[in-house]
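>>> Test case, fold it:
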Amino acid sequence: MSEWWRGAVVYQIYPRSFLDANGDGVGDLAGITGRLAYVASLNVDAVWLSPFFTSPMKDFGYDVADYRNVDPLFGTLADFDALLAEAHRLGLRVIIDQVYSHSSDHHPWFGVSRQDRTNAKADWYVWSDPKADGSPPNNWLAVFGGPAWDWEPRRRQYYLHNFLKEQPDLNLHNPEVQQAILDTATFWLDRGVDGFRLDVANFFTHDLQLRDNPARPHPAPDKPSYLQRQIYNRTRPETLAFVSRLRQLLDRYPDRMAVAEIAAEDQLATMVDYTDGPERYHTAYSFVFLGQEFGAGFIRGQIERMLALSERAWPSWAFSNHDVVRVVSRWGGEAPDPATFAKLMLALLSTLRGTAFVYQGEELGLPHAEVPFEKLQDPEGKTFWPRHKGRDGARTPMPWRAGRSEE
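Sure thing, here's the model as predicted:
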């Protein structure tokens, strides 16, 4: 098998805002297909498609209601097959997002699971009885604000959601759930995709004892979850057993790969844990270069520490993506020449030991857009405004025409 992903450059496409081919105001798969020649002209090796699956769009596709179908907003399975064929014709590999930590509350699995405590999928999500006073079973906090538990009156229990309440956590301690996820992966591998980007890959399992997370003092938290050391609701050692099963599946298909997204207290060490060895993922990236800290010493220090932790584990690096402020605005705000700074960042990214992930528009030096509160769509931005303005500014439409529109 080839290891094409080592040293590759992967171009991330956020389907909603890449190109609208049918004029309904939302980007779609046909629009992506029509611009793949442009992407190939950048001499990248692969594209990563953010979610395009059936979804109520509470978190814009990261709340999946059907893992094996395309949301009508983006097109059809036939449109995806056409995209895949055109990408392969142009010499581009295709990596698709997979969201295995949680589903949408509109997923049929959850529709069954929430009905009672004895149905066939009763244990497919994370359920727990309330405390004696009726409060949630522990102190875990959701990334998007508030407790990580919501009440289901039919079961008279709480269910876990590490993100929105519309994103209930799957119970990957359950072998049946693991098999259902592996069957989903098989569906897309059989269809011809070249790999997976695994969303929040270290959130797949939880502490079965539901122990409280300890406090973590923080001088000025943007989100209340920053005030906890999230050691019991994520980055559990049990997750690695499922990683091994998924890797075994991938290894049955030639030239396929998986890249994990890591959000953890010790991001580099967790990247190593999830990639060091043939039973782990092929590579992983984290938010280590997606935060505010910047400087030559910082970047060098992170690379050296990664090497010190493991010379075998293969990292991936990104300076921008759909979740963070674009790098030109985040790190280059004081740069006298933003265009030169953007080129410098791309040159730096492409020379780091690892696989490079470039976000759509990064090659144009696009700045982060300022989106006023009344136009926000992102639930995270609406909750944490104004200290944290959300992710909409990184998700504005890709410009395909030079100059300023007069419309």
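>>> Arg216 - nearest residue in space that isn't next to it in sequence?
Arg229 (4.4 Å; C-beta to C-beta, 6 or more residues apart in numbering). No exception for glycine: its C-beta is placed from N, CA and C like everyone else's.
>>> what about the one you found, how many neighbours?
By other C-beta atoms under 10 Å, 11 other residues sit near Arg229.
>>> Wait, it touches His218, no?
No: look at Arg229 against His218 with C-beta atoms under 8 Å: they stay out of range, at 10.4 Å.
>>> For Val47, pull up the helix or strand it's in.
Counting by DSSP states H and E, the element that carries Val47 is strand 46-49.
>>> average pLDDT for that strand?
Average pLDDT, strand 46-49: 98.
>>> Same check on stretch 21-29?
98.
>>> chain center to that stretch, what's the gap?
Taking C-alpha atoms, centre = their mean, to the nearest Å, the mean C-alpha location of stretch 21-29 is offset from the chain mean by 22 Å.
>>> One more: stretch 293-301?
With C-alpha atoms, centre = their mean, you get 24 Å for stretch 293-301.
>>> got it, and stretch 353-360?
Distance of stretch 353-360 from its chain centroid, counting by C-alpha atoms, centre = their mean, is 14 Å.
>>> If we go by neighbour counts, what in that stretch is buried?
Under the neighbour-count criterion of 16 or more other C-beta atoms under 10 Å, stretch 353-360 has Gly354, Thr355, Ala356, Phe357, Val358, Tyr359, Gln360 buried.
>>> outside of it, which residues touch it?
5-14, 17-18, 44, 48, 259, 283, 285, 303, 307, 314-318, 320-322, 326, 346, 349-350, 394, 398 (C-beta atoms under 8 Å, 6 or more residues apart in numbering).
>>> Show me these that map onto helices.
Using DSSP state H, the members of the contacts of stretch 353-360 that fall within helices are Ile303, Leu307, Leu346, Leu349, Ser350.
>>> Nearest to Gln167 among these?
Distance to Gln167 across these (C-beta to C-beta) is lowest for Leu349, with 30.5 Å.
>>> Hmm, the closest one is touching Trp331, no?
No: in this structure, Leu349 is not within contact of Trp331 by C-beta under 8 Å, at 11.6 Å.
>>> Overlap of the contact sets of those two?
Joint contacts of Leu349 and Trp331 (C-beta under 8 Å, 6+ apart) are Phe319.
>>> What strands line up against the strand holding Val47, and which way round?
Next to strand 46-49 in the sheet, as set by DSSP bridges, lie strand 9-13 (parallel), strand 93-98 (parallel).
>>> who's in contact with that strand?
For strand 46-49, contacts defined as C-beta under 8 Å, 6+ apart pick out 4-5, 8-13, 15, 32, 36, 39, 87, 92-97, 194-195, 197, 259, 357.
>>> returning to that earlier point: buried ones among the contacts of stretch 353-360?
Of the contacts of stretch 353-360, these count as buried by 16+ other C-beta under 10 Å: 5, 8-14, 17-18, 44, 48, 259, 283, 285, 303, 314-318, 320-322, 326, 346, 349, 394, 398.
>>> What residues sit buried inside stretch 85-103?
86-87, 92-103.
>>> again, but for stretch 238-250
For stretch 238-250, by 16+ other C-beta under 10 Å, it's Thr239, Leu240, Phe242, Val243, Arg245, Leu246, Arg247, Leu249, Leu250.
>>> Closest to Gln167 out of those?
Using C-beta to C-beta, the buried residues of stretch 238-250 come closest to Gln167 at Thr239, 17.7 Å.
>>> Kindly list the main-chain dihedrals of Thr54?
With angles defined as degrees, to the nearest 10, Thr54 sits at phi -60, psi 130.
>>> ok, and the closest non-adjacent residue to Gly192?
In space, Gly192 is closest to Leu84, 5.4 Å off (C-beta to C-beta, 6+ apart).
>>> for the lengthiest helix in the chain, packing partners?
The longest helix of the chain (DSSP H) is helix 175-191. Applying 3 or more C-beta pairs under 8 Å, 6 or more residues apart in numbering; DSSP states H and E, one finds that helix 175-191 contacts strand 66-70, helix 77-89, strand 93-98, helix 239-250.
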